[in-house]
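Participant: Build me a structure from this.
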Amino acid sequence: MKKNISSITVILVFISFLAATFFFQYEYLFLTRVVALIFAIVYLVIEVKQEYFSSHKPLFILFGVVSMLALTGSILLDETFGTDEFNARVFLSLIFMLSLLVISYRDLYKKNNSAK
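Facilitator: Next up is the predicted model:
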């Protein structure tokens, strides 16, 4: 249970960081920050309801694919219609998100195997 609380704490810190960025950098990557905030809240729900998602792994995988595609689309839209120049480093957030999805899926897999 301690691991679950630490994961929830990390997600809550990330949500508060995303909320704070709306006050500090209003114009830069606005759509991407909104999409990331929505998916962070949903990942918080997934972490709280981990027992359900450990038994329904295809739903978690579908959500991971949708979130990666939505984040990619929002980055492309922000970079296309944004006022700043193109910054390729923004796409590193996709690699970060993919690694977090893999870690979360592995945690769900271990939880499901230990429950059996």
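Participant: What distance do you get for the residue lying closest to F60 once chain neighbours are set aside to V45?
Facilitator: Excluding its sequence neighbours, the residue lying closest to F60 (Cβ to Cβ, 6 or more residues apart in numbering) is F53, at 4.9 Å. All C-beta spots, glycine's among them, are computed from the backbone N, C-alpha and C. Taking Cβ to Cβ, to the nearest Å as the measure, F53 falls 9 Å from V45.
Participant: and F91, how many neighbours does it have?
Facilitator: Residues within reach of F91, counting by other Cβ atoms under 10 Å, total 13.
Participant: can I assume it is in contact with I75?
Facilitator: Yes: at 6.5 Å, F91 and I75 qualify as touching, with contact defined as Cβ atoms under 8 Å.
Participant: Contact partners for L100?
Facilitator: L100 makes no contacts at all, as judged by Cβ atoms under 8 Å, 6 or more residues apart in numbering.
Participant: and the helix or strand harbouring it, what's its mean pLDDT?
Facilitator: Per DSSP states H and E, L100 falls inside helix 92-115. Summarised as a single mean, pLDDT over helix 92-115 is 73.
Participant: Likewise for stretch 70-83?
Facilitator: Rounded mean pLDDT across stretch 70-83 is 82.
Participant: Name the residues that touch that stretch?
Facilitator: Under Cβ under 8 Å, 6+ apart, the answer for stretch 70-83 is 27-32, 34-36, 39, 86-87, 90-91, 93-94, 97.
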